[in-house]
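J.: what would the 3D arrangement of this be:
(one chain, ligands or ions: 1)
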Amino acid sequence: MRNSPIGIFDSGIGGLTVAHALKEKLPNESIIYFGDTEHLPYGEKSDEAIQNFSKNIAEFLERKNCKAIVIACNSASSVAFDIVKKTVKNIPVFNVIDPVVREVANKCNSCKIGVIGTKATIQSGVYTKKIQKICSTAKVSAMATPLLVPMIEEGFVNEEISHKIIANYLSNKSLANIDSLILACTHYPLIYNEINNFYGGKVQLIDSADIVANFIFLQLEKMNLISKNKNPKYQFYVSNYTKSFAKSAKFFFQEEIEIEEVNIWN
Ligand code: DGL
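T.: Model (predicted):
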């Protein structure tokens, strides 16, 4: 069981930022990654659709004998965490929201926290609810920034046009005077520097990938599930293969990877 792979899924390839952080923190773990590129973007889909896709993917990862499942997508973590837990009763399931909320809310005292993410994530209200459950005096201002995902996927990063789109969103009045900003989407680590430049380093940016990887490491350690495998295997699946995904995957995982298409919906 210890040497079985960790299953990670996302709507597409953004979750590779979490897979990469996990590989750095847990270098002996085998990873099976599934990106639902056929149904991307989840951020624009209904809760029911996201729940249905997530359930199917969790069953696929369970069939692959994964010892744990990581929902490396904020949209799916927001609306499908409970369904995934019910689907795979015998293995631990992690989302990308709870570790971040704990980290932020435990350090906060009447602070103002900004959250940016997809429409599905923001409309779920999950960050506000979970943060205020831990810190009732926290003010949370959550805003959907739907243009950022296609912008990043098209490679518009560190360019004049991306600076303008980011500045336009972050200048919104609702985000004025925030102490910290949660980057509540798996794509956003790729624009961390641009966002940081916008705030001139004065707002603390919370990037979930490393926080989630640390959290999973501690949980697996508690469950005695850390692998000691010297030759871990990495497998990457997508539901719809395109050359452009294969090319962008390298950008998100920070190394060359081979991606295979698999049909899990029958
Ligand atoms: N992976 C999604 C998330 O983190 C962003 C892309 C999408 O909308 O599917 O919310």
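J.: list the buried residues for the worst-scoring helix or strand of the chain on mean pLDDT?
T.: Ranking every helix and strand in the chain by mean pLDDT, DSSP states H and E puts helix 243-253 at the bottom, with a mean of 82. By neighbour count on 16 or more other Cβ atoms under 10 Å, the buried set for helix 243-253 is 245, 246, 248, 249, 252, 253. Yep, even glycine has a C-beta here, placed from its N, CA and C like the rest.
J.: likewise for stretch 190-201?
T.: So for stretch 190-201, counting by 16+ other Cβ under 10 Å, buried means 190, 191, 194, 195, 196, 198.
J.: again, but for stretch 146-162
T.: Here stretch 146-162 shows 146, 148, 149, 151, 152, 153, 156, 157, 162 as buried, counting by 16+ other Cβ under 10 Å.
J.: can I assume the third one sits in a strand?
T.: No: Residue 149: not assigned to a strand; according to DSSP: H, G, I helix; E, B strand; the rest coil it is helix.
J.: which residues in the chain form strands?
T.: Along the chain, the stretches classed as strands by DSSP state E are 6-10, 31-35, 68-71, 93-95, 112-117, 139-144, 180-184, 204-207, 234-238, 259-261.
J.: end-to-end on stretch 232-242?
T.: 26 Å (Cα to Cα, to the nearest Å).
J.: before we move on, what about stretch 235-249?
T.: 13 Å.
J.: can you pull the residues of the stretch 101-250 of the chain lying near the ligand?
T.: With Cβ under 6 Å from any ligand atom as the criterion, the stretch 101-250 of the chain meets the ligand at residues 117, 118, 121, 149, 185, 186, 187.
J.: and of the residues you listed, the nearest to residue 94?
T.: residue 186 (13.4 Å; Cβ to Cβ).
J.: wait, residue 116 touches residue 182, no?
T.: Yes: taking contacts as Cβ atoms under 8 Å, residue 116 lies within contact range of residue 182: 7.4 Å.
J.: point out where this structure drops to low pLDDT.
T.: By pLDDT under 70, the chain contains no weakly predicted segment.
J.: switch the cut-off to 80
T.: 109, 244, 251, 266 (pLDDT under 80).
J.: now the angle between strand 6-10 and the helix of greatest length in the chain, please.
T.: Counting by DSSP state H, the longest helix found in the chain is helix 47-63. On the basis of axes from the mean of the first three to the mean of the last three Cα atoms, to 10 degrees, helix 47-63 is oriented at 160 degrees to strand 6-10.
J.: got the buried residues for helix 47-63?
T.: Of the residues in helix 47-63, those buried (16+ other Cβ under 10 Å) are 50, 51, 52, 53, 54, 55, 56, 57, 58, 60, 61, 62.
J.: tabulate those (JSON lines), appending distance to the ligand.
T.: Formatted as JSON lines, these follow (distance: Cβ to the nearest ligand atom, whole Å):
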{"residue": "50", "distance to the ligand": "9"}
{"residue": "51", "distance to the ligand": "14"}
{"residue": "52", "distance to the ligand": "15"}
{"residue": "53", "distance to the ligand": "10"}
{"residue": "54", "distance to the ligand": "12"}
{"residue": "55", "distance to the ligand": "16"}
{"residue": "56", "distance to the ligand": "16"}
{"residue": "57", "distance to the ligand": "13"}
{"residue": "58", "distance to the ligand": "16"}
{"residue": "60", "distance to the ligand": "17"}
{"residue": "61", "distance to the ligand": "16"}
{"residue": "62", "distance to the ligand": "21"}
